[in-house]
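>>> this is a predicted model, with the sequence first.
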Amino acid sequence: MTRMRADRHGSQLKSNMSEVAKTLCFAVLLAYGLPLNAAASEGDDEQLDAVHHVADGNYLDFSPLGKVQLPRIMLVRTEEGSKDVDFFGSTYSAVASGRYHLVSEETAVDAGEEPGESVHLESESESEDVEAAGHDEGVLMPVRGELILDLSITRHLVFAWLGALLVIVIFVTLARRYQRGVGRETAPKGLFHNMFETLFMFVRDEIARPNLGDKTERFLPFLSTAFFFILFCNLLGLVPFGATATANISVTAVLAAFTFVITQVSANKDHWAHLFGPPGTPLPVRFILFPVEFLGLFTKPIALAIRLFANMTAGHLVILSLIGLIFTFNGLFGPAGGYGISPVSIAFSLGIYLLELLVATIQAYIFTMLSALFIGMAVEDHGHDHEEEHHTESLPESAAARLAVDGGTETTRVEAEPAMAS
């Protein structure tokens, strides 16, 4: 009877794993295969560009169902010299107004114009070709006047807002539960509550506390917010028709800037003293160390921004490239080549997709861990350890103070001198 139950349980587990594998395959094809297939079907001569599908844009891509254009907000300088803000519901409405036209990026570069200046095409046919692409490619430029700043909403910005909204909704909901006593006076209830409490305690106990010590509560709100925001943005990029906001260097630069500002504003006098040279360092050596220490203030947040951006971009490029092999082989060897490479391409894409799920969590952990480390180094009281060591060395030998390690726990045992016999 026991063996029959074990066999039944094993077969059920295999069935569940098979369903999970099918679901993941469908998700990979839906998230990456359909947009590429739609791009390939737009023209026989068009080459699939993986970088283009990862890059930002002023539309939400639901290919092959279609694309939803996002509002365009343009800060311009008119011919009279005054500044004006133009708002349009989409790129199409901006072009239809006659006040703006689309310019391909290649044409803008070839024109040799500086950013912010109006670019006029030599022929209207070039503008018509760009506009015929569906009003989602190229650079929107004013027909008259100069473009000062493009404040338009992009899909990366939309998904960054969505990630921030998830953080707010989830933790406001949890905070209200704790106010009612759930999780504080009683045990947490439900998978939702338990999962996020576990993740929050992980950030507090494994990331913040080891690096910040008694200052953990002061910086925990920022660290936990950064962790969950990055985690949600990373995971949203793996959802079909989604976009990865953290694959945009502007988003990661802003996150790193928060870490930089908080680190420098919260730094104590010891941090700035070590910037101009560690105590006891000869004066000539300080002139050498100061540029290194000063540059280190900026290289740390720059490394944070580039690391997160590069890792989240690379994974999607690999998946898109693997899926793109199907269309490449189809173009080179016909339908037989496309169908022949499909199993290999999908299998490798599924493996990278599963790895991306792990990378999404690891990158959120690394960014938060390094932020906690940089802040902890800036707020650490360097003189405290020296005073404690001096105090320990000044203890009288008659106290017979010694350090005993019992079962991995450090305890200080002071043996008193034997009383003198009367």
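Structure's in. What do you need?
>>> tell me the helix or strand right after the helix or strand harbouring Met74.
Secondary structure assignment for Met74, by DSSP states H and E: strand 72-77. Tracing the chain past strand 72-77, the next element assigned as helix or strand by DSSP H and E is strand 83-88.
>>> got the buried residues for that following strand?
Of the residues in strand 83-88, those buried under the neighbour-count criterion (16 or more other CB atoms under 10 Å) are Asp86, Phe88. C-betas here are computed from N, CA, C, even on glycine.
>>> how about stretch 142-149?
Residues Pro142, Gly145, Glu146, Leu147, Ile148 are the ones in stretch 142-149 that count as buried (16+ other CB under 10 Å).
>>> and stretch 92-103, by the same measure?
The neighbour-count check on stretch 92-103 (16+ other CB under 10 Å) flags Tyr92, Ala94, Val95, Tyr100, His101, Leu102, Val103 as buried.
>>> reformat those residues as CSV; add secondary structure and pLDDT.
Written out in CSV, the entries for these read as follows (DSSP: H, G, I helix; E, B strand; the rest coil; pLDDT from 0 to 100):
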residue, secondary structure, pLDDT
Tyr92, helix, 88
Ala94, helix, 90
Val95, helix, 89
Tyr100, strand, 89
His101, strand, 86
Leu102, strand, 85
Val103, strand, 82
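>>> where exactly do the strands run in this protein?
59-61, 67-69, 72-77, 83-88, 100-103, 139-142, 146-150, 401-406, 409-414 (DSSP state E).
>>> can you tell which of these is closest to Trp161?
Taking CB to CB, strand 59-61 is the member of the strands of the chain nearest to Trp161, at 12.4 Å.
>>> quick one: residues contacting Ile288.
With contacts taken as CB atoms under 8 Å, 6 or more residues apart in numbering, Ile288 has no neighbouring residues.
>>> how close does it sit to Ser152?
The spacing between Ile288 and Ser152, counted by CB to CB, to the nearest Å, is 47 Å.
>>> what do you get for His316?
Using CB to CB, one gets 23 Å for the distance from His316 to Ser152.
>>> settle it for me: which of the two has more neighbours?
For His316 versus Ser152, neighbours defined as other CB atoms under 10 Å are more numerous around His316 (23 against 18).
>>> domain ranges for this structure?
In the assignment given by automatic domain parsing, the structural domains of the chain cover 71-152, 156-381.
>>> between the ones you listed, which one is closest to Val54.
With CB to CB as the criterion, Val54 lies closest to domain 156-381 of the domains of the chain, at 5.0 Å.
>>> first-to-last residue distance for that closest one?
Separation of the first and last residues of domain 156-381 by CA to CA, to the nearest Å is 40 Å.
>>> quick one: average pLDDT of that domain?
Averaged across domain 156-381, the pLDDT comes to 91.
>>> going forward, the N-terminal residue is numbered 606.
Sounds good: first residue 606 from here, last item domain 761-986.
>>> buried ones in stretch 967-986?
By neighbour count, with 16+ other CB under 10 Å as the criterion, the buried positions of stretch 967-986 are 968-985.
>>> residues in contact with that stretch?
Counting by CB under 8 Å, 6+ apart, the neighbours of stretch 967-986 from elsewhere in the structure are 808, 812-813, 816-818, 820, 824, 827-828, 831-833, 835-836, 839, 851, 860, 864, 867-869, 871-873, 875-876, 905-906, 909, 912-913, 916-917.
>>> give me the buried subset of those residues.
Neighbour counting over the contacts of stretch 967-986 (16+ other CB under 10 Å) leaves 808, 812-813, 816-817, 820, 824, 827-828, 831-833, 835-836, 839, 851, 860, 864, 867-868, 872, 875-876, 905-906, 909, 912-913, 916-917 as the buried ones.
>>> from the residues you listed, which land in helices?
Secondary-structure check on the buried ones among the contacts of stretch 967-986 using DSSP state H: residues within helices are 816-817, 824, 827-828, 831-833, 835-836, 839, 860, 864, 867-868, 875-876, 905-906, 909, 912-913, 916-917.
>>> okay then, goodbye and thanks.
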